[in-house]
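**Student:** predicted model follows, preceded by the sequence.
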Amino acid sequence: MFENIILGAIQGITEWIPVSSKACIIAARIHLFHNTGTLNELINYALFLHLGTALAAIIYFREDIAKIFSACGDLKNPASEGRKILIFLVTVTVFTAFGQVLVTKASDLAHRAPHAKAAITCIIAALLIVAGFLQLKTKTEGKRETKDLTLIDGIILGIVQAFTCLPGLSRAGTTMAALAVRNFDKEHTLKLSFLMSIPVILLGNIIKNHHLLLSARSEWLGVLTAFVVGMLSIGVLMNFVKKVNFGGFLIFIGSILAVATILGAID
């Protein structure tokens, strides 16, 4: 019981920041609680805890999700913001699913090159930091919003998100970097990054953790903890972003990602 609460709290915090929440859960389970499960079992457990933060994101962005459902009855209006978000999320989910199959096939290569993921993460961190300095220098921020979403955005973000299924790659940091490159403003960068995780988490748990979904096992305590902590931490992060320059925020999350990667490589 205590283990699930601690791991749920870790998930509730790390889901929104540019470190791999999956890697944090796996590391904590192995080093703090001496779990001897297989890597696949550890990954599936971490995915199950994501249900808590997915629910937190659903509640926090309930107005945007309501637009998506209303768009389902108004598909003839191509200018509808809800329709654009719906098409974006469907495209992202489809390309993430296909991409994950390819990434899984290539996972053996990642095992043979143990520093490959660290190198990729450092590149992502560098992109975030460079993008941040450019925005500080030009005094301008991204201008695109959800109403500006295109099919190309969905394809690019779906492919990008697929690679983050590997433990060690930050989903939040990677997708934020891609959205920043696509010139989305700070609020919509975070919003889209979190929204696009919801369908993938739900479908992933239906496929991989269906045996847990209808059970009354103690793992649900971890999900509940992740939800409560996630609701508190996502509000703090969104309020923080509204008060700071987006260039500074990109430098901040890029620096966290770089430091976490370097410490992990040293360890």
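**Tutor:** Received the coordinates, thanks.
**Student:** drop to CA atoms for contacts and neighbour counts, all remaining ones
**Tutor:** Fine.
**Student:** any idea how far stretch 218-227 is from the middle of the chain?
**Tutor:** 18 Å (C-alpha atoms, centre = their mean, to the nearest Å).
**Student:** I meant to write stretch 235-252 there.
**Tutor:** Per C-alpha atoms, centre = their mean, the centroid offset for stretch 235-252 relative to its chain is 17 Å.
**Student:** first to last residue in that stretch, what's the distance?
**Tutor:** Across stretch 235-252, the terminal residues are separated by 18 Å (C-alpha to C-alpha, to the nearest Å).
**Student:** so for it, mean pLDDT?
**Tutor:** Averaging pLDDT along stretch 235-252 yields 76.
**Student:** for stretch 165-175, same thing?
**Tutor:** Predicted confidence along stretch 165-175 averages 76 (mean pLDDT).
**Student:** any idea how far apart the tips of that stretch sit?
**Tutor:** Stretch 165-175: ends 12 Å apart by C-alpha to C-alpha.
**Student:** any idea how far it is from the chain center?
**Tutor:** The answer for stretch 165-175 is 7 Å, by C-alpha atoms, centre = their mean.
**Student:** residues near residue 234, how many?
**Tutor:** 22 (other C-alpha atoms under 10 Å).
**Student:** that one: which element?
**Tutor:** Element membership for residue 234, per DSSP states H and E: helix 219-243.
**Student:** what sits against residue 89?
**Tutor:** The contact partners of residue 89, by C-alpha atoms under 8 Å, 6 or more residues apart in numbering, come to 154, 195-196, 199.
**Student:** do residue 189 as well
**Tutor:** Applying C-alpha under 8 Å, 6+ apart, the residues near residue 189 are 176, 179-180.
**Student:** let's see it at 6 Å
**Tutor:** Counting by C-alpha atoms under 6 Å, 6 or more residues apart in numbering, residue 189 makes contact with 176, 179.
**Student:** quick revisit: now the helix or strand just after the helix holding residue 234, how far from the centre of its chain.
**Tutor:** Going down the chain from helix 219-243, the next helix or strand is helix 246-266, by DSSP H and E. Computed by C-alpha atoms, centre = their mean, the chain-centroid distance of helix 246-266 equals 16 Å.
**Student:** cool, stretch 220-236 as well?
**Tutor:** On C-alpha atoms, centre = their mean, the centre of stretch 220-236 falls 15 Å from that of its chain.
**Student:** got the buried residues for that stretch?
**Tutor:** In terms of neighbour count (16 or more other C-alpha atoms under 10 Å), stretch 220-236 has its buried residues at 220-231, 233-234.
**Student:** again with stretch 40-57
**Tutor:** Here stretch 40-57 shows 42-57 as buried, counting by 16+ other C-alpha under 10 Å.
**Student:** what does it contact?
**Tutor:** The contact list for stretch 40-57 (C-alpha under 6 Å, 6+ apart) reads 12, 22, 26, 198, 223-224, 226-227, 230-231.
**Student:** can you pull out the low-pLDDT segments for the stretch 1-150 of the chain?
**Tutor:** Low-confidence segments of the stretch 1-150 of the chain (pLDDT under 70): 18, 73-79, 102-121, 124, 128, 131, 134-141.
**Student:** mind listing the helices for it?
**Tutor:** Assigned by DSSP state H, counting those that start in this stretch, the stretch 1-150 of the chain shows helices spanning 2-14, 21-31, 39-60, 62-71, 81-105, 107-112, 116-138.
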